[in-house]
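> Build the 3D model from these lines:
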Amino acid sequence: CCEAIVHGARARPPPPVRAAPPGAQPSLTTRTPRTAAMVLYELVLTVDSSAPGPRLLEFIKRAARLVISRSGNVRKVENWGERELAYRVRKSQQNHHSARFLSVWIDAHPVVLKEVEALARFNRDVLRHTTFKRKFVLPQSEGFLATEVREAALRADMANAPA
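So this is what the prediction gives:
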């Protein structure tokens, strides 16, 4: 009676929605595999050389909070300094001939990496970004930024908690 006909064939019904187990927290991202292994990535950012330092630091902290909130880890952040570009890069109606390069090492699920790349894509100070999947593991002692951001987030939550 109510079946949809598409080009002479019956339309497929939508896939069944699985109910979450009782007491499970809903995922903040859609279809995030909870059992997927963490992958080590290096995210190389080409950043506007005229961007103020505090604004860049706020972007890095926001990306780190995103990774940490999704059970990831920020291993290392390196500033490679400012360099001349081989060709001009046009973004936000400006020509850029030099840029600052940053390297961010993160352990994350591939879905979380897509969210971090979306943050970089829509940030006006990030001119280009490239992600490399790394096969080797960094020593655990280099996860200093993750610990620092996690502790700052806990302090902020405690300060904002109702008494």
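> Helices of this structure, residue ranges please.
Here the chain has its helices, by DSSP state H, at 53-69, 110-121, 144-160.
> Tell me which stretches of the chain form strands.
Using DSSP state E, the strands assigned to the chain run over residues 5-6, 9-10, 39-48, 73-91, 94-108, 126-133.
> which one of those strands is the most hemmed in?
Sort the strands of the chain by mean neighbour count, taking mean count of other C-beta atoms under 10 Å, and strand 39-48 sits at the top with a mean of 20. Quick note: C-beta positions are derived from backbone N, CA and C, even for glycine.
> Tell me which other helices or strands that one touches.
In terms of contacts (3 or more C-beta pairs under 8 Å, 6 or more residues apart in numbering; DSSP states H and E), strand 39-48 is packed against strand 73-91, strand 94-108, helix 110-121, strand 126-133.
> With mean pLDDT and distance to Lys61 added, can I get the strands of the chain in JSON lines?
Below are those laid out as JSON lines (pLDDT from 0 to 100; distance: least, C-beta to C-beta, whole Å):
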{"stretch": "strand 5-6", "mean pLDDT": "47", "distance to Lys61": "48"}
{"stretch": "strand 9-10", "mean pLDDT": "54", "distance to Lys61": "51"}
{"stretch": "strand 39-48", "mean pLDDT": "91", "distance to Lys61": "14"}
{"stretch": "strand 73-91", "mean pLDDT": "88", "distance to Lys61": "10"}
{"stretch": "strand 94-108", "mean pLDDT": "89", "distance to Lys61": "11"}
{"stretch": "strand 126-133", "mean pLDDT": "91", "distance to Lys61": "14"}
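> of all the ones you listed, which lies closest to Ala63?
strand 94-108 (7.1 Å; C-beta to C-beta).
> between that closest one and strand 73-91, how many degrees?
160 degrees (axes from the mean of the first three to the mean of the last three C-alpha atoms, to 10 degrees).
> Please name the strands paired to strand 94-108 in the sheet, noting orientation.
Strand 94-108 pairs in its sheet with strand 39-48 (antiparallel), strand 73-91 (antiparallel), by DSSP bridges.
> Those into CSV, with extra columns for distance to Asp125?
Putting the strands paired with strand 94-108 into CSV (distance: least, C-beta to C-beta, whole Å) gives the following:
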stretch, distance to Asp125
strand 39-48, 5
strand 73-91, 9
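> thinking again about what came up before, turn the helices and strands packed on strand 39-48 into TSV, columns for distance to Leu40.
Below are these laid out as TSV (distance: least, C-beta to C-beta, whole Å):
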stretch	distance to Leu40
strand 73-91	7
strand 94-108	6
helix 110-121	11
strand 126-133	7
